[in-house]
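Enquirer: Below are the sequence and a predicted model; questions follow.
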Amino acid sequence: MLETIEENTEYYTKPAMQMQTHTKKRVNTSIILTRYLYIKDEVKYAILVSILEKQQEQALFFAFEMYYSGFQEELFEWFWEIYYGFFAVLNPKYEVYMLKQQKNIEEEKRHLLVYAFVKNLLIRGYTTDVFFLCKYIEEEEIKNGSSSGILPKIDTTTGSYKLDCVGIAKYISAIQKPMSANCMTIILHNYILPGDKICNAFSSALETMCIELRPKLLLAHIVRLYYNYNNLHTSTENIYKKDRFVFPPQESIYSLNLEENIEPYNLLKAVTEYSIPTILTGWTRFFCLDRNELSRTELEYIYYNDWLYYAYRSPIWEERIVSYGENGYNILITEEEDEEEDDDEEEKEGLEGNLGSPVEELNGVEEGLEGNLGSPEIIQDFYLKYGLEPDEQPKYVANARIGEIIMEESIVKVFDKWEKCSKDNIIII
């Protein structure tokens with residue numbers, strides 16, 4: 001746990017130039033801030049790394065951070081992407097089990113499925129084959145562009161089952177997207193030996209998964225055939241119980257109402273137990289982080305000075321702002337009352353063009369803005385309820401969210417780190 005003692009705790013001090021009103025031009029970035037002001041894409045990667053490192057509470061914390069920020073569907077898609085990238089090859093029965101759980105879970109209990117996803121992945125071994133195949137192809141496409149080539153065939157000349165997995169991955173990546181279910185089925189049939197058939201899980205997954213996941217899903221099933229036909233028994237079988245499943249619990253793990261028991265200006269301190277920069281340092285060679293497009297000054301400006309604008313891109317913050325009706329727009333904008341009318345219009349256009357969230361519910365408000373930038377009492381009420389005051393927090397709070405993430409430059413060290421918990425990985429690249 002991070003140190004939270006108030007005595008002798010350093011606090012952030014705003015530079016004098018940042019004490020003024022916001023600049024008229026906001027930072028142009030795709031960054032989204034979550035419920036507790038973490039950067040959303042980094043929350044996703046923290047979930048992945050926590051699962052690979054078998055850090056249960058850490059993985060659950062960030063999974064629920066994403067869930068309660070309003071990104072439920074994206075979170076479940078991310079779980080499946082983690083599964084097909086790392087766990088599918090060694091854990092085929094998990095696919096059938098979780099597809100069934102996800103289909104049958106009651107809507108009001110979907111948060112319990114988050115716990116089940118995390119726990120079931122934590123107790124399983126994994127390989128990095130599919131993940132690195134995908135990353136290898138991505139980097140090759142950046143260097144040389146994509147080329148379809150010919151779909152490689154099975155090589156059984158030596159009496160064993162051999163595949164050119166890199167060639168297969170290249171072929172799959174070059175197929176025009178979105179890839180049809182029929183196309184995927186035909187490709188998979190090429191690698192099934194006579195007398196066998198496609199497993200039911202593949203067909204079920206095709207019906208359930210989003211189309212963006214299809215290439216990884218297909219590649220995971222092909223690599224799984226490689227393992228199965230070569231009878232690759234791994235030490236994982238002795239460490240993990242492959243057929244053991246953790247069912248969703250009956251009660252909530254993390255309360256939805258934590259905010260009701262803590263003053264908003266104390267909330268960030270209360271929930272800051274894990275540091276994303278600490279988690280991700282050394283793992284980011286293959287991650288394209290949203291923060292990489294920003295200077296340090298820009299990132300700090302977003303977090304300390306303009307956090308609500310970027311948090312509004314999360315459904316939970318959008319809902320809070322829109323709940324104030326016509327005053328919601330006034331809460332969101334940060335220009336001073338005496339700014340010119342054309343500056344207000346520019347702000348509106350930037351809001352509608354740059355925000356990832358819809359602003360339809362705020363439409364019609366603009367007509368009433370002239371000469372009326374909203375009731376100070378209403379704006380004060382909002383900040384009394386939701387003002388997290390990131391610029392007034394101890395430094396460790398900000399460091400846990402926007403602290404420096406060190407990228408490991410040595411590709412050899414990167415592979416060593418990614419494979420340190422994956423003892424059973426078969427090098428196929």
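Expert: It's in.

Enquirer: Enumerate every residue touching residue 162.
Expert: 154, 155, 156 (CB atoms under 8 Å, 6 or more residues apart in numbering). Where you see a C-beta, it was placed from the backbone N, CA and C, and this is true even at glycine.

Enquirer: out of those residues, which one sits closest to residue 330?
Expert: Nearest to residue 330, judged by CB to CB, of these is residue 154 at 65.0 Å.

Enquirer: My guess is the closest one contacts residue 163. True?
Expert: Yes: the criterion here is CB atoms under 8 Å, and residue 154 meets it with residue 163 at 6.5 Å.

Enquirer: So for those two, which residue has more residues nearby?
Expert: Remark: of residue 154 and residue 163, residue 163 carries more neighbours, 20 against 16, as counted by other CB atoms under 10 Å.

Enquirer: tell me the contacts of that one?
Expert: 152, 154, 155, 191, 222, 225, 226, 428.

Enquirer: For it, what are phi and psi?
Expert: phi -130, psi 140 (degrees, to the nearest 10).

Enquirer: All the helices of the stretch 1-150 of the chain, residue numbers only.
Expert: 40-52, 56-68, 72-82, 92-104, 110-122, 129-144 (DSSP state H, counting those that start in this stretch).

Enquirer: what angle separates the third one from helix 56-68?
Expert: In other words, helix 72-82. Put simply, helix 72-82 runs at 140 degrees to helix 56-68, going by axes from the mean of the first three to the mean of the last three CA atoms, to 10 degrees.

Enquirer: Averaging pLDDT per element, find the lowest-scoring helix or strand in the protein.
Expert: None of the helices or strands of the chain scores lower by mean pLDDT, DSSP states H and E than helix 236-239, at a mean of 40.

Enquirer: if I look at the residue positioned nearest the centre of the chain, how far off is residue 386?
Expert: Taking CA atoms, centre = their mean as the criterion, residue 44 is the residue nearest the geometric centre of the chain, at 2.5 Å. Separation of residue 44 from residue 386 (CB to CB, to the nearest Å) stands at 24 Å.

Enquirer: ok, now residue 78?
Expert: 26 Å.

Enquirer: Can you list the low-confidence ranges for the stretch 101-250 of the chain?
Expert: Flagging of the stretch 101-250 of the chain using pLDDT under 70 yields the residue ranges 140-149, 233-250.

Enquirer: burial of the nearest residue to the residue nearest to the centre of the chain once chain neighbours are set aside, as a residue count?
Expert: Spatial nearest neighbour of residue 44, chain neighbours left out: residue 78 (5.5 Å); criterion: CB to CB, 6 or more residues apart in numbering. Using other CB under 10 Å, residue 78 is surrounded by 20 other residues.

Enquirer: swap in the one 10 residues further on?
Expert: Using other CB under 10 Å as the criterion, residue 88 is surrounded by 26 other residues.

Enquirer: wait, doesn't it sit right on residue 82?
Expert: No: assessed by CB under 8 Å, residue 88 is found out of contact with residue 82, at 9.7 Å.

Enquirer: Checking residue 184 next. Helix, strand or coil?
Expert: For residue 184, the assignment made with DSSP: H, G, I helix; E, B strand; the rest coil gives helix.

Enquirer: That one contacts residue 205, correct?
Expert: No: between residue 184 and residue 205 there is no contact under CB under 8 Å: 9.9 Å.

Enquirer: more crowded one of these two?
Expert: The neighbour comparison of residue 184 against residue 205 (other CB under 10 Å) goes to residue 205, with 25 against 21.

Enquirer: which residues does that one contact?
Expert: Counted by CB under 8 Å, 6+ apart, residue 205 has contacts 95, 99, 217.

Enquirer: want to throw those residues into a markdown table with distance to residue 136 and neighbour count?
Expert: Converted to a markdown table, the contacts of residue 205 look like this (distance: CB to CB, whole Å; neighbours: other CB atoms under 10 Å):
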| residue | distance to residue 136 | neighbour count |
| --- | --- | --- |
| 95 | 24 | 25 |
| 99 | 28 | 18 |
| 217 | 18 | 25 |
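
Enquirer: possible to save those as TSV with distance to residue 106?
Expert: Converted to TSV, these look like this (distance: CB to CB, whole Å):
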residue	distance to residue 106
95	22
99	16
217	26
